[in-house]
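*Asks:* coords below, sequence missing:
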């Protein structure tokens, strides 16, 4: 079994789920007392969030590259960035390390393609929903057609992520708002919905809707286990 390096803390709420999901999947696959070989480096999200909203992506790349190098030096064989948004600087981080970075959008797109989904809805931070680093990768590399909410919907989804989910708050009103947005994407032709923020799964689950939901955290964590166990 290879060692997974997890760059987390963005937010720590989702990092808990990453750790749990990775270990649950290893146990499911190997049984007994088996658990994952994993190195976790958790950053202070407050600093990263401030840089995000100031548009200082170069500084976030520099800081996270340093943390990724620390993970590599600690003995990790691969890197998993436990957040969708910070894959905006994934290329810069990959250049700073010699171990492979397992990209969250790639793992998710592979799953959608396996399921025959060609048109997908995308929920996430405004950065993820609006900028090309994520949508463009899904389209250019995998040929997916991506739908996002309208401006009002994007603002609501973004606000709930930072002001509620990243702080461990689960509100019924916000869940209702998310479901309305999801139904709107279905009306736009979405065959599935990417939960493109690693905290959204805390609020909305598959049992809430009929359309397939693609929880990027769950997909990413299990892809990391596949890699660590040599299955991909």
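*Replies:* Okay, I see it. Bear in mind the structure is a predicted one, so any value in this text is a computation, not a measurement.

*Asks:* Pull out the buried positions in the host helix or strand of residue 50.
*Replies:* Assessed by DSSP states H and E, residue 50 sits inside helix 45-53. For helix 45-53, the neighbour count (16 or more other C-beta atoms under 10 Å) marks 45, 48-49, 51-52 as buried. Just so you know, the C-beta spots here come from the backbone N, C-alpha and C atoms, and that holds for glycine as well.

*Asks:* want to throw those into CSV with distance to residue 206 and pLDDT?
*Replies:* Formatted as CSV, the buried residues of helix 45-53 follow (distance: C-beta to C-beta, whole Å; pLDDT from 0 to 100):
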residue, distance to residue 206, pLDDT
45, 27, 96
48, 29, 96
49, 28, 94
51, 33, 96
52, 29, 95
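
*Asks:* Of these, which pair is most distant in space?
*Replies:* Longest distance between any two of these is 10.5 Å, between 45 and 51; criterion C-beta to C-beta.

*Asks:* Just give the number of residues close to the nearest residue to residue 49 once chain neighbours are set aside.
*Replies:* Nearest residue to residue 49, sequence neighbours excluded (C-beta to C-beta, 6 or more residues apart in numbering): residue 162, at 6.9 Å. Counted by other C-beta atoms under 10 Å, the residues lying close to residue 162 total 18.

*Asks:* And residue 162, how close does it get to residue 45?
*Replies:* In this view, residue 162 and residue 45 are 10 Å apart by C-beta to C-beta, to the nearest Å.

*Asks:* and if you look at residue 1?
*Replies:* Remark: distance between residue 1 and residue 45 (C-beta to C-beta) = 29 Å.

*Asks:* Any chance you could list what contacts the next helix or strand after the helix holding residue 50?
*Replies:* Next helix or strand after helix 45-53 toward the C-terminus (DSSP H and E): helix 57-73. Helix 57-73 is contacted from outside by 5-7, 39, 41, 43, 47-48, 51-52, 79, 81, 86, 88-89, 92-93, 95-99, 101, using C-beta atoms under 8 Å, 6 or more residues apart in numbering.

*Asks:* Then stretch 7-23?
*Replies:* 4, 6, 35-36, 38, 40-45, 48, 64, 67-68, 71, 79-83, 85-86, 165-168, 198-199, 201-202, 217-218, 220-222, 224-225.
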